[in-house]
Structures are given as C-alpha cells and as structure tokens.
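K.L.:
For reference, the sequence and a predicted model appear below.
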Amino acid sequence: MRHSTVLRISCIGTTLGIAAILIGFIALKGQVKKPAGTHFGQAVEAAAEVTLLTPKVRTSSSLDPGQVEISVARILEQGHYTRQKLDSTKAQKILESYLRLLDPNRLYLMREDIDSFYGKHLPTLKNSILQGDLTPAREIYAVYKRRVENRVAKNKIFLKRSLSFSSNETVTLNREGSAWPKDEAAADDLWKSWLRAQILQERLAGTSITKSFKQNRGNKVPSLSTTKRPTCNTSGNRCFTTSPQVNSCFPSKGLSHGLYLPKTAEEIVVRRLDNILRTLKHEESFDVVAKFLSAISQSYDPHSDYLSPQKMENFAIAMRLSLVGIGAVLQDTDGYTRVVDIIPGGPADKDGRLKVNDCIVGVAQGNTPFEDMVNTNLERVVERIRGKKGTLVRLLVIPGDSPDSSKRQLIDITRDEVRLKDQQARAEVIDLKQPNGSITRVGWIMLPSFYADIDSRVSNSCPNTTQDVSMLLRRLEKEGIQGLIVDLRRNGGGSLQEAINLTGFFIPRGPVLQVKDSMGRVSVSYCRGAGRVYEGPLVVLVNHLSASASEIFAAALQDYGRAVIVGDSRTFSKGTVQTILDVGRFMPFFSLAAADAGSLKLTIQKFYRIKGGSTQLKGVESDIVLPSLLDHPKIGETALPNALPYDEVPPVPFRRFPGNLFLDQLRKRSSARVTLDPEFVYIREEMVRVHRRLSENTVSLNEETRKAEIEESRTQKIRLERELALRGPGIRMKGYSVALDNIRHPQLKPIQYDKKSRETKRNPDLLDGKVTFPSKLREDPIKTETLRIAQDLIHLSSGVRKSQPLMSHHQFCDGSAYSDGFKLQFHLHVSKQTACSLQNGSWGKVQLYSYSY
C-alpha cells in the first residue's frame, strides 16, 4: 500500500487516557485499571491496563531489515528539518531513546548493563546504523528480555511473603531520569518497594469501595473480589461468572483454559506480571527492529517516528474516521478475547448475532479451517479478524449469556466500512435562561481532531473537518444562535490544511500562518475566502492537550482579534509540521518486499504565527485562564525529549477583525465568578495537591498515612457537595444535540444535563455529611463558565449582529508548504456539490503530503 497521505497522531496520547484506534475493530488490552490519580506502577501495569492497541508488525520474510535501517537513517539525515548528520552525538541520543522505549522507568536494566551497552555499542553505533547492522539493537533487547523474565520470577517469589505496611518508607512515582539500579541487590530493593506500593494500592481501592457499601447499603459488605469484579461460583482456583453482564469465557471441553479472577491484591499484581511475560513472549524479530527505528527517528525530535504498515493504517483510520472490519470493541481478558462493545451501524451491529460479553475463541477466513484464539495475543486476533471490504470472516464464540460452558456459536460476518461517528465534529444548541426570563442561545461545536479523508483524491463526498463543521454551522445558524463556542480541548491536531480551511470560516481574506523549511525559506499560507461562514461572537476553548493544528487555528483567531481564547494558561506548544514517506521507495530498486518496509513520519517544517512568533514550546496563551488540573509544566512539548527550540520569523501584514472583544471586562466578570465558585475552589486546591505530589514524586508505603490522605480528599469532596447543594441550581440551561446524522431532522434531540445540584439541595444525607460513592462533581464546570463568558461577550457586543450568509457557492482556501526540493500545494473547492482534490509535488520518487498533528 502506498502511503501518500495526510495523517496525524496524538502527541499527547499518554496523557489522554484511553484512546482507541480501530483496526478492523477496536481492541482494548487488559482489564485492570489504575484508580484515578495514581501515578506509580506504570511499568508493572503496562501490559494489563486498557491501552491503545497497535497490531503486531508482520512483514514479508524476504524483507531485509538492514536495508530498512539504512533508508530510515538516510532520510533523516537529508530530509529532517534540522538536517543533522548521524554522528557520535546523535548516536548517543539514539541509544538513550532506545533505552527509554524499552525501560522508561528504569526498573529492569541495571547500571552494569548500561555501562556495557555504552562501552560495547556506542563507539560503533553510527557506522552500524549506516551499514544496516542491527546487532546492537538485538543484543541490547536480548539483555532487556532476560532481565524482565528474571525479574518477574523473583517478584512472584517475593509476593508470597507476608508484607508490612507500617513503615515510613516512600516509593518514587516516576523514575524516568532516575539512576539505574546499581546492581542486583539495589534492583531487589527497588522492586520490593514498587510491589508493596502496587499491593497497597489494590488494598486501598478495595477498602474505599467496601466503605461506601457500608455507608450506603448497610453492613452487607461484599468481598474484595466482588466489589471490583463480578460475583462468581468458584471451582478450585478458577472463578467463572454466571452473571450475563460480564462474560467469564467458560472453558471449552477438553481444555483447561478459563478466566481467573483474582480475589486478593497479591493475585492482582501477579496477574499483571503474567501479562508482562505474555506480551514479551509474543514479540517478534521485526518488533525489535521497529522499536530501534523509532528510537533513531525520535532522537531527532519527539514527533518523527517509524511506522510499520499496520501502524500506518491505524493513523489513516484515525484521520478518515472509518475502517473496514466488523465493528466491534474487543478486550483481552487473561487469554480470552471478549467483546466489550458493538459499534452502531457496523457489520456486527447489523448482523445482530455477536453480543457484548461474547468471547471469541476461534477465527476463520471464508471457508478455511478455524484457528484457535485462546491464549493468543490480542494483536494476532486483530490481524485475523480485520480484512478487505466484502470478504467473509467466521467467528467461533462462547455466548456471554450461556450457562453452558461448552456451548459454541458460529457467526459469519461480511467485513464492511465502519464509520467512527463518535470522533466526528458534533454540536449543541444551548439555551441559557436569564434572571429576567429571557433566553440567550449559544452554539457549541466539539471538534476532537482536524480529520480528513486521506485516501480520496476526487470525490463527490469527501469527509473532512471543513465540510462537517460547515454543515453544523448551517444548522446552528438556522436555530438562531447568538454566539458560538468551538471546543478544542484534547484536540491533538490533524491535517494542517483543515486547520487553515476552518480558520477561513471566521476571518476575512488574509494570512493564517507562516511555515519555514530546513533551508530557512519562509512561506505564508492564506485563506482566500469569498465569504465567511460565521461573523458573530466567538469563543475558542482550549486546554494543555490542544496541540498543533488546534494551536494554528486558535493562534490565528487570537492574532486577528476574532475570538476570545478560554481555558488552560497555554496550549500544548507543538509548532512543527510532519510528512509521511514510504521507506520502501528510498530502498534500492532490487530490494525485495519494499512495500512492507513501513513509513517514516518526518518533521520537515516549523510553523509560526502571522505576528512572527512560534507556538513551539510557548503554545497559545489563553485570554481568560480557568483553573485546570491539566495546567502543569510536565504536560506538553516542554516535557518531551529532543524537542526543537523556539524561534521567530518576521511578521506579515494583516488586517485585524473589526470589533471589540471586551477582554478586560470579560476577565473581571469571569474572575469574580471563578473566585466564588466552590468547584473551581476545589480544583485549585486539588491543583496544589497534584503539583505538590508531582514535585515530591513520592508516595507513602504506610497504610494508615495513605488512608488518612484518602479520607482528607473525601472530606473535601463532601464539603464541596454541601456548598453546591446550598448554592442551588447555578446556571440554568437547556440543550439540544446536533449531530451529522440528524442535521436535517426538524426536531433536535434534547440533552439531559446534570441536575444533581437541584436534586441534592434538600438531601438530608448530604447535609449530614454523607455522600454517595463515588462522589460526583458537576460534570464540566469549565464548560459552564465558558458559556457564561460567551453570554457576557454576546451582551457586551454592540447589539446581536446577525451572521452574514453562509459561504457563497464558490469559496477557495489554499495554502502552500515548502520543503527542501519540493513544493506542496493544497486546494479545496467548496460548492453545492463538494469535491476535493490534492495537487502534489514530488521529491525524488516519493509523494509528500504535509500535515500537522
């Protein structure tokens, strides 16, 4: 498959929590989840948590990994924005990056290993890479694998002991950058603390739930296993649920496989260790190569990366918001693949036979024999189920609601395209009721990413952000909105061109951003709009996870004086542009299986605001800052290794948007509300605790101390609940959902907002200090305050101006991006019948498509 595409990945995925990318279906790995706010145990839990799943790299046996390594190194030397040569300094960064990928918390490898790697491989690493010799990568990985296997075995022995939690010891939360363990004895001591921290965490999690049951349901307290996991009938050491709500994946006849549900904290941790070994066992030779190629790429900057063919497809899916598969969300549960969700409108949903909680134990292609999927790595199950549109896949499943452990059901499903509607732009119409009874109507657009259909060249229906937001704006204006909020929180970026196009909906003809290439040449990207889509009061909501293309959009609207930027103190601070290159097209023409060589995501440019400053390391500063737990210096570009520096270019002339944003008045009004709002008071207090915890980077191993901390946090939540109950309903609003699939429906669907503050106003239990578990804050106080800011902006504006008519039948937005030796021109023509076309240049034999993410 040739990848001449516009793509993005979220550079903030580790902070976003669960981010599912569908690959024929979504796969979720593991079922043990850390309690919110817990930071330790990342390495231990890595194989057990619900995580983003990338299918295993499976390449042709005829592919020469050494040739791939040479090509990647040459592309980086000649095409990266910095044009850095692969010298001894770069070799050291590569080695550091590789070790960081393997052992980020420095728990497995020891100082003697590191010294050996540097002494043996560093002097010759540069030459090895340029000659296609992967011996250093494989030898280092072999040592790492051996250390993990030995460590897991020792940890299991340690966990059989009786452990004490009465000392005043602490454990380091994040060991990235800490010293490597000096020797085996030091590693033993380190792991003893980590394992005790894991067990204490699970004990406290069970205790918290038990306490809530006592408070709210009398003294009938379930055991630890049933507070966190389904009620089971036990048989020996195996536990099989009979509840239809959670499938146990019953053992088949003649097999000893079954779902083991841990009943103690120690058993939970042991299972995590087993998952680590299982993941390690399924690593293949090219997996090691792929990791090393990523390390080489990331030594240049944190956003350059090597992408296997499967990872490349994942990114394409994330950009076009569609896939070919069966449309099911799967999860690995101790060797069984369990269905945890069915995507509406997908093949499995239309077929109707595959149900949530079913377990897939066999997969067959068409009429071929079934392959046993029990105790098979989830990545391999993914590969077997996904496929080409119109082809048949047969599934052998254990029905989730069957009481018979030997029952099997055969389900055949034809693969088809699945639209990921939950990742598309969507909107709300929100009515805010004033004290005098009048209504202010505000539109709210939620934009998870700047997506585009990367595979369409010319199409009558080209799914992209620009088109979708245009349709939403049409409907919002039809509903008579007086102001608009664009929500870019957690928007990690996407297509650079989509950001430029969307900006053109709100500003007059003019420049949007500047781009500088590796030769120092600066170009300006314009949006030449014949007519704007919306001209009314505008607010853009951002947070610390709004990155790249989001920053381009927000920065342009801020520079033009077009919108009020609200949210965290600043955005993510990424200011670089990447392109995707097919590695195989840079390999010698006689290379075999070059199509399986993967792709290189390469940083080729930096972008700048029209005023000349870069968003790199500085981001976009909010006009009105709201308290947020994400507002921390350890989140963002500045926290990433090898980030490129900040710099500036000369500003370009532009005409500011006419009108007043009333920033001083808006700040004063918002500050007065936020200062007195109990939820923001709580967030500020929590920010102090979180920042202190991150600064100290330790957690106590004393059980009583930890219980006291939990009780203190619970007391603060009770206090907040009391204050919210006494305050009353707060903002009064009524909302209606506007989605792309109901955009032409005459009646919009009402939204049920949180009514807890009204319902609990006279709750005697709450006023007596009791609180349900878990305690719930109002769902989104930042959204509520942003609505108030928009309301103020509407009222302060000189009358409510009617928006200008929607774009004329012909509007053009185009931008140019330049890099060494090539020019890339994007062109979007929006008319009654939308069509998309890309005009691309070439660099050598490879097509280059710039994107930002």
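P.N.:
Ah, there it is. Residues are numbered from 1 along each chain as shown.
K.L.:
Tell me, please, where in the chain the pLDDT is lower than the cut-off.
P.N.:
Low-confidence segments of the chain (pLDDT under 70): 1-61, 206-262, 334, 403-405, 454-462, 529-531, 590-593, 727-730, 753-779, 798-853.
K.L.:
Let's verify the residue lying farthest from the centre of it: helix, strand, or coil?
P.N.:
Ranked by distance from the centre of the chain (CA atoms, centre = their mean), the top residue is N436, with 42.9 Å. Recorded secondary structure, N436: coil (DSSP: H, G, I helix; E, B strand; the rest coil).
K.L.:
Next one: it relative to I794, how far apart?
P.N.:
Applying CB to CB, to the nearest Å, the value for N436 to I794 is 15 Å. (C-beta placed from N, C-alpha, C; glycine too.)
K.L.:
give me every residue that touches A452.
P.N.:
By CB atoms under 8 Å, 6 or more residues apart in numbering, the contact set of A452 is V6, M319, R320, C462, P463, N464, T465, G494, S495, Q497, E498.
K.L.:
ok, and the most crowded of those?
P.N.:
E498 (32 neighbours; other CB atoms under 10 Å).
K.L.:
so how far is P347 from it?
P.N.:
29 Å.
K.L.:
Same question for L581.
P.N.:
For L581, the distance to P347 - CB to CB - is 33 Å.
K.L.:
Those two: who's more crowded?
P.N.:
Neighbour count, other CB under 10 Å: between L581 and P347, L581 has more, with 27 against 23.
K.L.:
Name the nearest residue to that one, sequence neighbours excluded.
P.N.:
L600 (4.8 Å; CB to CB, 6 or more residues apart in numbering).
K.L.:
just checking, what packs against whatever helix or strand that neighbour lives in?
P.N.:
For L600, the element it lies in under DSSP states H and E is strand 599-608. Applying 3 or more CB pairs under 8 Å, 6 or more residues apart in numbering; DSSP states H and E, one finds that strand 599-608 makes contact with helix 65-79, helix 285-298, strand 305-307, strand 510-517, strand 576-582, strand 811-819.
K.L.:
Would you format the ones you listed as a markdown table with distance to E712 included?
P.N.:
As requested, the helices and strands packed on strand 599-608 are exported to a markdown table (distance: least, CB to CB, whole Å):
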| stretch | distance to E712 |
| --- | --- |
| helix 65-79 | 50 |
| helix 285-298 | 40 |
| strand 305-307 | 42 |
| strand 510-517 | 47 |
| strand 576-582 | 42 |
| strand 811-819 | 52 |
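K.L.:
Going along the chain, name the strands of the stretch 251-400 of the chain.
P.N.:
Assigned by DSSP state E, counting those that start in this stretch, the strands in the stretch 251-400 of the chain fall at 305-307, 322-325, 328-333, 336-342, 359-365, 371-372, 392-398.
K.L.:
can you check the stretch 501-650 of the chain too?
P.N.:
Using DSSP E, counting those that start in this stretch, strands in the stretch 501-650 of the chain cover 510-517, 522-527, 538-542, 564-567, 576-582, 599-608, 624-625.
K.L.:
Turn those into a markdown table, including distance to L277.
P.N.:
Output for these, formatted as a markdown table (distance: least, CB to CB, whole Å):
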| stretch | distance to L277 |
| --- | --- |
| strand 510-517 | 47 |
| strand 522-527 | 50 |
| strand 538-542 | 42 |
| strand 564-567 | 43 |
| strand 576-582 | 35 |
| strand 599-608 | 31 |
| strand 624-625 | 46 |
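K.L.:
between the ones you listed, which gets nearest to G66?
P.N.:
Minimum separation from G66 across the strands of the stretch 501-650 of the chain (CB to CB) falls at strand 599-608, 16.0 Å.
K.L.:
mind listing the helices for the stretch 1-150 of the chain?
P.N.:
13-16, 42-45, 65-79, 88-102, 111-120, 122-130, 135-158 (DSSP state H, counting those that start in this stretch).
K.L.:
now those in TSV, with mean neighbour count?
P.N.:
Below are the helices of the stretch 1-150 of the chain laid out as TSV (neighbours: other CB atoms under 10 Å):
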stretch	mean neighbour count
helix 13-16	14
helix 42-45	20
helix 65-79	21
helix 88-102	18
helix 111-120	15
helix 122-130	17
helix 135-158	16
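K.L.:
now for the ones you listed, which one comes closest to D517?
P.N.:
Of those, nearest to D517 by CB to CB is helix 65-79, at 10.5 Å.
K.L.:
How about residues contacting that closest one?
P.N.:
In contact with helix 65-79 (CB under 8 Å, 6+ apart) are residues 83-86, 129-134, 285-286, 289, 292-293, 296-297, 300, 304, 306, 518, 581, 583-584, 586-588, 591, 597-598, 600, 602, 604, 819-820, 843.
K.L.:
give me that answer again for 7 Å
P.N.:
85-86, 129-130, 132-134, 286, 289, 293, 296-297, 300, 306, 581, 583, 586-588, 591, 597-598, 600, 602, 604 (CB atoms under 7 Å, 6 or more residues apart in numbering).
K.L.:
What subset of the residues you listed is buried?
P.N.:
Burial by neighbour count, 16 or more other CB atoms under 10 Å: within the contacts of helix 65-79 this picks out 86, 129, 133-134, 286, 289, 293, 296-297, 300, 306, 581, 583, 586-587, 591, 597-598, 600, 602, 604.
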